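Asker: below: sequence and its predicted model.
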Amino acid sequence: MTSKSISLLTTVAELRHYLAQFYIQLNASGPKFRRNNAFTKIGFVPTMGALHLGHLSLIQRARYENRLVIVSIFVNPLQFGPAEDFQQYPRTLTADARVCEQAGVDVIFAPSAQELFPMIALNGPVTQVVPSSQLTERLCGQSRPAHFQGVATIVAKLFNLVQPQRAYFGRKDAQQLAIIQRLVADLNFPVEVVPCPIVREVSGLAYSSRNAYLTSAQSQQATVLYRSLQQAKRAFYSGCRDRTTLITTVEQELATTPDIKPEYIELVDPTMLTPLVEVEDTGLLAIAASVGSTRLIDNTLLHNRKPIVAIDGPAGAGKSTVTRNVAKALGLLYLDTGAMYRAVTWLVLQSGVSVSDQDAVAELVEQCQIELLPTSDANTPPRVVVNGQDVTAKIRSLEVTAQVSAVAAQPAVRWALVKQQQRYGSTGGIAVEGRDIGTHVFPDAELKIFLTASVGERARRRQQELVTQSIATISLEQLEQDIEQRDRQDSSRSIAPLRKALDAVEVNTDSLSIAEVTAQIVTLYHQQFS
Ligand code: AMP
């Protein structure tokens, strides 16, 4: 989080002036700072306001990955049809500004419609961006014919104004995401589109600004959308890949709540949006339905790959042992991120580079190739190979242990290793633990767990460990203080802060054995995926 105050800008001129100042300051801060890939970028989150936890997840991700975070709040008249809720759409700028400020946003850009589209009020011509009809004619495009043209136009306009290097979009609006990705590719916008997972209420209902229109009974009824997608997902993971069965599964579940009126249930390719007869690689199962006069959408991605299990939590919650056991029980690869940091540390030490020379370390890590090679015996951890050399034993040396924290704390090291970890995860089938695995490294992980334990319990476990290792005993009180302090540091640091992903399942391990915790996670996995 930044301590700097947030800027609320409402005109194009103010935004341009702000950005010009930002680049002047950036250039003045020297080449070293500019080169650091992770922190010289502008991250942009376009929204229509009435911010909720779905928006917040995009903002948090942008905050994590960029030096400057800009959130736009603009209810775009072009994307509403004549009979739609443009006038009624919730506008809550004061509350939104508070959310953004707390999340460390640098700039809110909240122009008026008059500022961005002065021609509309004069009934004059407005240039618009027309996405390919192949992407707009199906799904929501059937009932909202001009909607995506309005979306593409405002996004193109905001990209031109903000000139971000990264822009964050929710998977909740899957058709919108596909259209924006196509827009960026076809018109060569120099922007990386970052898709973010759907965030849901505990009931399963996806957060939406339009949920404000629902009565509490309707909110309850609307949870059937998620349940129907989950049913289909279970069918998918138990081997059903064909369109008819998947769509029928959703239909049957939706039919259990007669007040929900489906508009469409579709299975399409997530990029081309063309209907799929069968899911070969990835399918997008999408629903639009009404409850009363409110139209809701939801969807799920069906990946033809083994799931990723991401386990986060504070130190001392038992993450590494549990994750190892979960991987073994489920036949997943245990992605030992700690071993990867150790491998880089070994490389730094043996190349003679000083650990504190961040530039030299950055160069080494950018060029290094780490492989984790599973052994044939499930009880033996994977072999660790760096640039072709087997370092499995070497990375456990005292020298590496003493330096690994200093190396792992460097932004460039984290940046490079997170990319390597994500490559490992691209084919699924891994269990991985850490502090920001579900929030940052694998935000699309199919199962996210947040392991916790009370401070008292973690102190007691640590004391037991020290006794077992015959290390001088430290009082419980002292251990509790140390743990509290570490928790504070872990949650507030700018690199890999400890945070529970909004879609993670929390498992409190107080009074549970490692075997019991493992069994709980394995059960959760089987409930969803088999
Ligand atoms: P909106 O304000 O509705 O235009 O949404 C702004 C951005 O937030 C879009 O990229 C949406 O996909 C995203 N978003 C909205 N609801 C959610 C949600 N429940 N989970 C994740 N992203 C969301």
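Answerer: In hand now; what should we look at?
Asker: am I right that Glu457 is in a strand?
Answerer: No: Glu457 is assigned helix when assessed by DSSP: H, G, I helix; E, B strand; the rest coil, not a strand.
Asker: once you drop chain neighbours, what's closest to it?
Answerer: Nearest non-adjacent residue to Glu457, counting by CB to CB, 6 or more residues apart in numbering: Asp510, 4.7 Å away. (Glycine included, C-beta is placed from N, CA and C.)
Asker: how many other residues sit next to that neighbour?
Answerer: 12 (other CB atoms under 10 Å).
Asker: Gln410 too?
Answerer: 20.
Asker: quick one: which helix or strand includes Ile180?
Answerer: helix 174-186 (DSSP states H and E).
Asker: which stretches in the stretch 351-500 of the chain count as helices?
Answerer: 358-367, 398-408, 411-425, 455-468, 476-492 (DSSP state H, counting those that start in this stretch).
Asker: return the set of buried residues in the longest one.
Answerer: Taking 16 or more other CB atoms under 10 Å as the neighbour-count basis, helix 476-492 is seen to contain the buried residues 479-480, 482-483, 487, 490.
Asker: quick check, pLDDT for the residue nearest to Glu457.
Answerer: What the model reports as pLDDT for Asp510 is 92.
Asker: what does the domain assignment say about the protein?
Answerer: 7-196, 209-303, 309-529 (automatic domain parsing).
Asker: of all those domains, which one is nearest the ligand?
Answerer: domain 7-196 (2.2 Å; CB to the nearest ligand atom).
Asker: let me see the mean pLDDT of the closest one.
Answerer: On average, domain 7-196 scores 93.
Asker: what residues does the chain put near the ligand?
Answerer: 47-48, 54-55, 57-58, 169-170, 172-173, 196, 198-199, 206-209 (CB under 6 Å from any ligand atom).
Asker: just the buried residues of the residues you listed.
Answerer: Buried among those (16+ other CB under 10 Å): 47-48, 54-55, 57-58, 169-170, 172-173, 196, 198-199, 206-209.
Asker: helices - which of those land there?
Answerer: 54-55, 57-58 (DSSP state H).
Asker: quick one, phi/psi of Asn123?
Answerer: phi 60, psi 30 (degrees, to the nearest 10).
Asker: as JSON lines, the buried residues of helix 476-492 with pLDDT and distance to Phe109 would be great.
Answerer: Below are those laid out as JSON lines (pLDDT from 0 to 100; distance: CB to CB, whole Å):
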{"residue": "Leu479", "pLDDT": "89", "distance to Phe109": "48"}
{"residue": "Glu480", "pLDDT": "92", "distance to Phe109": "45"}
{"residue": "Asp482", "pLDDT": "88", "distance to Phe109": "43"}
{"residue": "Ile483", "pLDDT": "88", "distance to Phe109": "41"}
{"residue": "Asp487", "pLDDT": "84", "distance to Phe109": "35"}
{"residue": "Asp490", "pLDDT": "78", "distance to Phe109": "32"}
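Asker: my read: Asn299 touches Ala174, true?
Answerer: Yes: the pair Asn299 / Ala174 is scored as a contact, 4.8 Å apart, by CB atoms under 8 Å.
Asker: common neighbours of those two, please.
Answerer: Among the neighbours of Asn299, those also in contact with Ala174 (CB atoms under 8 Å, 6 or more residues apart in numbering) are 284, 286.
Asker: identify the residues contacting Ser57.
Answerer: 170, 196-197, 199, 502.
Asker: once you drop chain neighbours, what's closest to it?
Answerer: Looking at Ser57 with CB to CB, 6+ apart, the closest residue is Val199, at 4.9 Å.
Asker: measure that neighbour to Ile437 for me?
Answerer: For Val199, the distance to Ile437 (CB to CB, to the nearest Å) stands at 17 Å.
Asker: pull the contacting residues for the spatially most central residue of the chain.
Answerer: Note on the chain: the residue nearest the mean C-alpha position is Pro443, at 3.4 Å, using CA atoms, centre = their mean. Contact partners of Pro443, counting by CB under 8 Å, 6+ apart, are 61, 196-197, 501.
Asker: make it 10 Å
Answerer: Shown in contact with Pro443 (CB atoms under 10 Å, 6 or more residues apart in numbering): 57, 61, 171, 194-197, 310, 436-437, 501, 503.
Asker: on that earlier part again, SS state for the residue nearest to Glu457?
Answerer: coil.
Asker: my guess is it contacts Arg458. True?
Answerer: Yes: Asp510 lies in contact with Arg458 (CB atoms under 10 Å); the separation is 9.1 Å.
Asker: list the residues that contact both of these two?
Answerer: With CB under 10 Å, 6+ apart as the test, Asp510 and Arg458 both reach 317, 452.
Asker: before we move on, back to that, contacting residues for the residue nearest to Glu457?
Answerer: 317, 452-454, 456-458, 460.
Asker: and those, which two are the farthest apart?
Answerer: Based on CB to CB, the longest span within the contacts of Asp510 runs between Thr452 and Arg460 and measures 14.7 Å.
Asker: mind listing what the helix or strand that contains Ser72 pairs with, with the direction of each?
Answerer: Per DSSP H and E, Ser72 falls inside strand 68-73. According to DSSP bridges, strand 68-73 forms sheet pairs with strand 42-47 (parallel), strand 107-109 (parallel).
Asker: next secondary structure after that strand?
Answerer: Taking DSSP H and E, what comes next after strand 68-73 is helix 93-102.
Asker: off-centre distance for that following helix?
Answerer: Chain-centre distance of helix 93-102: 21 Å, with CA atoms, centre = their mean, to the nearest Å.
Asker: buried residues in that helix, which are they?
Answerer: 96-97, 99-100.
Asker: how about Val391, what does it touch?
Answerer: 339, 342-343, 346-347, 350, 370, 383-385, 397, 400.
Asker: shaky segments in the stretch 251-400 of the chain?
Answerer: The stretch 251-400 of the chain contains residues with pLDDT under 70 at 378.
Asker: which parts of it are strands?
Answerer: 260-268, 282-291, 294-303, 306-312, 333-335, 370-373, 383-386, 389-390 (DSSP state E, counting those that start in this stretch).
Asker: got the angle for the first one vs helix 174-186?
Answerer: Here strand 260-268 runs at 40 degrees with respect to helix 174-186, directions being taken by axes from the mean of the first three to the mean of the last three CA atoms, to 10 degrees.
Asker: which strands and helices lie in contact with strand 260-268?
Answerer: helix 174-186, helix 216-237, helix 243-254, strand 282-291, strand 294-303 (3 or more CB pairs under 10 Å, 6 or more residues apart in numbering; DSSP states H and E).
Asker: run the chain-centre distance for it.
Answerer: 26 Å.
Asker: in that strand, what counts as buried?
Answerer: Within strand 260-268, judged by 16+ other CB under 10 Å, the buried ones are 260, 265-268.
Asker: before we move on, back to that, which two among the contacts of Pro443 are spaced furthest apart?
Answerer: Counting by CB to CB, the most remote pair of those is Arg171 and Asp436, 19.3 Å apart.
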